[in-house]
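Colleague: How does the following fold in three dimensions:
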Amino acid sequence: MLTKRCIIYPKDIMMITGRSERYAQAMIHKIREFHGKEIHQFITVREFAEFSGITEEQIQKYMY
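Modeller: Residues are numbered from 1 along each chain as shown. Just a heads-up that it's a prediction; the model follows:
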């Protein structure tokens, strides 16, 4: 059974954008601020999609 994650991590952002880990971490920080989340809260694929303008389907292709 293949399950899909709903949480996105810096490593996923690195795979999608081709940028560095530091860039991905900064993007996670910006997304948290954009959605009014606290540091301990996770970022979902949907929130990343809204922030980046990339569809959820395209994002899921890069997540393993």
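Colleague: Roughly how far does the residue positioned nearest the centre of the chain sit from residue 34?
Modeller: Geometric centre of the chain, nearest residue: residue 8, 3.9 Å, by CA atoms, centre = their mean. Distance from residue 8 to residue 34, counting by CB to CB, to the nearest Å: 14 Å. For glycine as for every other residue, the C-beta is placed from the backbone atoms N, C-alpha and C.
Colleague: Name the residues contacting each of those two.
Modeller: Residues touching both residue 8 and residue 34 (CB atoms under 8 Å, 6 or more residues apart in numbering): residue 47.
Colleague: Local confidence estimate at residue 1?
Modeller: Predicted confidence (pLDDT) at residue 1: the value is 52.
Colleague: Hmm, residue 32 is touching residue 42, no?
Modeller: No: contact criterion CB atoms under 8 Å: residue 32 and residue 42 do not qualify, at 9.4 Å.
Colleague: Look at those two and report which has more neighbours.
Modeller: Counted by other CB atoms under 10 Å, residue 32 and residue 42 do not tie: residue 32 has more neighbours, with 18 against 12.
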